[in-house]
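[1] Just to be clear, the model below is a prediction. Sequence and coordinates:
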Amino acid sequence: MFKIVAYGVRDNEVPYFKALNKYNYELKLVPEFLTHDNVETAKGADGVMLRANCVADAQNLAKFNEWGIKYVMTRTVGFNHIDLNAIKQYGMKCARVPAYSPYAVAELAMTLGMMLYRHTALATSNTNAGKFAVDPNTFSKEIHSSTVGIIGAGKIGATEASLYHGMGATVLAYDPYPSDYARQFVTFVEQDDLLAKSDIISIHTPYFKGQNDDFVNADLIAKMKDGVMLVNTARGELNDYKAVLAALKSGKLGGFATDVYKNETELLGHTFDGALAQADMEALRELYPKVLMTPHIGSYTEPALHDMIAVSYDNVEQAQQTGHTDNDIPLPKD
């Protein structure tokens, strides 16, 4: 029987892994992310199923190859946690889940944007502290007469645009590959135009290591409208956090919300009684409720989980039967 070891499986996800296992794979479900310390748990498997923040680097992939593991699947859209050069070297089959319920991340991004825009985190923290007087800092505009900018109008970005469009907002988008689907809800403009006009900016740009690191930097922020609310639910590597912090302190940014972080394994899954492990993130956290942080829960919904597991199983089966999948991750060229 084909054996799969899946990493980063939360307790409430276990029933879904079992119920969706239509190919009757032998499953080993590991709660922890794959690391150098627990890689031995993959011994005896035919394939592994990863999630973001699993360490699928050259060191771990070399061990997989030694143990005869030839199927490395990730139940995520992104794949920057996998060393594709090593995948190619060892002739492994590697696929991803290119799309799951786009509403999962889109709804969270809009929720964070609206919390910043209407200052609801400030208002609820005030009342929780017993302060029921109206705080002047909760005065806001209304979204139906405001402009939202979406950078990266793929399936998730376009879905968030549809939600804001339904609330009456003017929605601008920048994407090098504009889609007809997104055009129903957005007006495509040049990026600088979007930055100058938007009251809320939501980032859905894919991250490409070494190409767009620190995409949201001081130069980009300088082009934004004063007081803009910035939301990133894409990848933490896209943000220059020192630039974001400086812009928040100067008032250039009115607020910042993020569901993603650099070096997430240092943060996610941990409880901190004192300061966070990362100094930049601790400095940002201290600005709550002007800064909102969530622990990478964008895809943590039932429909998204169903899609990620079901497609991952299909990827494994198709790779076994045909030697490739519809969702193969492109490997580096020679």
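    Alright, I've got the coordinates. Numbering: from 1, shown residues only.
[2] Figure out the helix or strand that the most centrally placed residue in the chain lives in.
    Closest to where the C-alpha atoms of the chain average out (Cα atoms, centre = their mean) is Ala234, at 4.1 Å. Counting by DSSP states H and E, no helix or strand carries Ala234.
[3] and if you look at Val244?
    Applying DSSP H and E, one finds Val244 within helix 241-250.
[4] Could you pull out the strands in the protein for me?
    Applying DSSP state E to the chain gives strands spanning 3-7, 26-30, 47-50, 71-74, 93-95, 147-151, 170-174, 187-188, 200-203, 228-232, 253-258, 291-293.
[5] what's the third one packed up against?
    Spelled out, that is strand 47-50. With contacts defined as 3 or more Cβ pairs under 8 Å, 6 or more residues apart in numbering; DSSP states H and E, strand 47-50 has these neighbours: strand 3-7, strand 71-74, helix 302-322. Where you see a C-beta, it was placed from the backbone N, CA and C, and this is true even at glycine.
[6] circling back: gap between the residue nearest to the centre of the chain and Met73?
    22 Å (Cβ to Cβ, to the nearest Å).
[7] What residue in the protein is the furthest from its centre?
    Here the chain reaches farthest from its C-alpha mean at Ala133, the gap being 36.7 Å by Cα atoms, centre = their mean.
[8] what sits against Tyr174?
    Neighbour list for Tyr174: Gly149, Ile150, Ile151, Gly152, Ala153, Phe188, Val189, Glu190, Gln191, Leu194 [criterion: Cβ atoms under 8 Å, 6 or more residues apart in numbering].
[9] In space, what's closest to it - neighbours in sequence excluded?
    Once flanking residues are discounted, Tyr174 sits nearest to Gln191: 4.3 Å by Cβ to Cβ, 6 or more residues apart in numbering.
[10] Would you check that Glu13 makes contact with Ala304?
    No: under the criterion of Cβ atoms under 8 Å, Glu13 makes no contact with Ala304, lying 11.1 Å away.
[11] Can you show me the helices along the stretch 101-250 of the chain?
    Counting by DSSP state H, counting those that start in this stretch, the segments of the stretch 101-250 of the chain that form helices are 102-117, 120-128, 155-166, 180-183, 191-197, 218-222, 241-250.
[12] Of those, give the one that comes closest to Asp259.
    Each of the helices of the stretch 101-250 of the chain has some distance to Asp259 by Cβ to Cβ; the shortest is helix 102-117, at 6.2 Å.
[13] Can you name every helix or strand that that closest one contacts?
    Packed on helix 102-117, when contacts are counted by 3+ Cβ pairs under 8 Å, 6+ apart, are helix 155-166, strand 200-203, strand 228-232, strand 253-258, strand 291-293, helix 302-322.
[14] returning to that earlier point: give me whichever of the helices and strands packed on strand 47-50 is most buried.
    Ranked by mean neighbour count, the helices and strands packed on strand 47-50 are led by strand 71-74 with a mean of 26 (mean count of other Cβ atoms under 10 Å).
[15] For Glu78, report the pLDDT, please.
    Quick fix: residue 78 reads Gly, not Glu. If you check Gly78, the pLDDT there is 84.
[16] Also the one 5 residues further on?
    With respect to pLDDT, Asp83 has a value of 97.
[17] how close does it sit to Ala42?
    Look at Asp83 and Ala42: by Cβ to Cβ, they are 15 Å apart.
[18] neighbour count winner among these two?
    Neighbours were counted for Asp83 and for Ala42 using other Cβ atoms under 10 Å; Ala42 has more, 22 against 18.
[19] and the more buried one, how far is that from Thr265?
    Distance of Ala42 to Thr265, computed by Cβ to Cβ: 17 Å.
[20] hmm, back to that, of all the helices and strands packed on strand 47-50, which lies closest to Lys290?
    Using Cβ to Cβ as the measure, helix 302-322 is the one of the helices and strands packed on strand 47-50 that comes nearest Lys290, at 28.7 Å.
[21] between that closest one and strand 3-7, how big is the angle?
    150 degrees (axes from the mean of the first three to the mean of the last three Cα atoms, to 10 degrees).
[22] which intervals of the stretch 151-300 of the chain have sub-threshold pLDDT?
    Counting by pLDDT under 70, the stretch 151-300 of the chain contains no low-confidence range.
[23] Dump the helices and strands packed on strand 47-50 to a markdown table, plus mean pLDDT.
    Listed next are those as a markdown table, based on pLDDT from 0 to 100:
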| stretch | mean pLDDT |
| --- | --- |
| strand 3-7 | 98 |
| strand 71-74 | 98 |
| helix 302-322 | 96 |
